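Q: Provided below for reference: sequence and predicted model.
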Amino acid sequence: MLFDHGVETILIPVFGGELISRGEEYVREMIDGLTWFALAPVFAEFYQEYNVRVRFYGDWRRQVKGLPGADRLSDAIDHCAATRHAGPRCILYGLWADDMLVSIVDDLARSATEHVEFTREAMVTRYYGEHVKPTDLYIGFGRPTVFDVPMLVTSQTDLYYTVVPSLDLDERLFRMIVWDHFVGRWSQQEWDGMSEQDFKALRAFYQVHHDTVLGLGEVDPVTHIWQPRGLSPIDAFRHK
């Protein structure tokens with residue numbers, strides 16, 4: 001869907017170090033699942049059909065040692081044919097990609113015996129497997145947080161968080177996000193064109209939501225899933 005809408009590069013952080021705390025059975029099942037991205041026929045056929053090159057970035061080779069299924073994961077990634085594709089579209093999967101400092105320390109150690117370039121472009125290229133431009137959109141779900149895409153999120157990255165899991169992202173939701181990215185957020189405010197009634201509604205909106213913070217929420221006692229606190233839209237005040 002994203003490729004069909006003109007997106008050319010997709011970064012997907014899929015496994016981070018904090019998930020290790022969920023137990024051996026969870027880790028084993030996750031690592032088995034990660035091999036699908038590399039070798040499962042449904043993925044291999046998709047990469048071929050859409051002419052997609054694949055990269056696996058992060059500190060996964062070091063972190064996976066000693067974990068159940070580590071050898072299968074390493075073998076699957078090493079034999080992923082899509083890592084040798086040269087198509088116009090790209091998917092980068094992040095595995096243990098939360099800390100780029102480890103990669104920088106490795107580069108510093110190598111620089112003692114060989115020339116290592118430390119420009120931003122060179123560091124990004126070494127870490128991700130190719131040069132990646134800063135991200136335009138970051139789409140997550142649940143409580144707002146940015147993770148596992150170091151050096152790529154800037155002040156120009158627009159952040160979006162759906163309430164439902166990210167795999168439920170459909171065309172309608174994505175088009176809403178894209179419209180907001182290109183148009184909605186960057187519309188110039190024209191304060192001199194606002195009527196007194198508009199200002200009155202805006203003041204009422206601010207007064208009601210003075211203690212409202214995007215990112216605050218509650219954990220549901222049954223599901224243990226974090227849920228955001230809701231907002232009353234400004235239109236509700238406009239029509240009072």
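A: Perfect, I can see it now.
Q: contacts, neighbours, all on C-alpha from now
A: Fine.
Q: tell me, how many residues neighbour Arg120?
A: 10 (other CA atoms under 10 Å).
Q: equivalent analysis for Gly193, please.
A: 8.
Q: which residues in this protein form helices?
A: 24-39, 41-49, 60-63, 70-78, 101-110, 120-128, 171-182, 196-208, 235-238 (DSSP state H).
Q: could you chop the chain up by domain?
A: Domain assignment of the chain by automatic domain parsing yields the ranges 3-184, 195-238.
Q: can you redo the helices of the chain as JSON lines with distance to Val164 and mean pLDDT?
A: Shown next, in JSON lines, are the helices of the chain (distance: least, CA to CA, whole Å; pLDDT from 0 to 100):
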{"stretch": "helix 24-39", "distance to Val164": "21", "mean pLDDT": "87"}
{"stretch": "helix 41-49", "distance to Val164": "24", "mean pLDDT": "95"}
{"stretch": "helix 60-63", "distance to Val164": "28", "mean pLDDT": "88"}
{"stretch": "helix 70-78", "distance to Val164": "29", "mean pLDDT": "92"}
{"stretch": "helix 101-110", "distance to Val164": "32", "mean pLDDT": "92"}
{"stretch": "helix 120-128", "distance to Val164": "28", "mean pLDDT": "95"}
{"stretch": "helix 171-182", "distance to Val164": "11", "mean pLDDT": "94"}
{"stretch": "helix 196-208", "distance to Val164": "26", "mean pLDDT": "90"}
{"stretch": "helix 235-238", "distance to Val164": "24", "mean pLDDT": "66"}
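Q: relative to Tyr138, which of these is closest?
A: Closest approach to Tyr138 among those is made by helix 171-182 (10.2 Å; CA to CA).
Q: residues in contact with that closest one?
A: Identification of contacts with helix 171-182 by CA atoms under 8 Å, 6 or more residues apart in numbering yields Met1, Leu137, Asp158, Tyr160.
Q: and if you look at stretch 31-45?
A: So stretch 31-45 is in contact with Pro68, Gly69, Ala70, Arg72, Leu73, Ala76, Ile77, His79, Cys80, Ala81, Ala82, going by CA under 8 Å, 6+ apart.
Q: can you tell me how far the second one is from Ile31?
A: It refers to Gly69. 6 Å (CA to CA, to the nearest Å).
Q: more neighbours: those two, which one.
A: For Gly69 and Ile31, the more surrounded residue by other CA under 10 Å is Ile31, and the numbers stand at 20 against 17.
Q: look up how far Glu24 lies from that one.
A: 10 Å.
Q: shared neighbours of these two, which are they?
A: Pro68.
Q: before we move on, the earlier item: packed most tightly, which of the domains of the chain would that be?
A: The highest mean neighbour count among the domains of the chain, using mean count of other CA atoms under 10 Å, belongs to domain 3-184: a mean of 15.
Q: and the end-to-end length of stretch 76-87?
A: Note: stretch 76-87 ends 21 Å apart using CA to CA.
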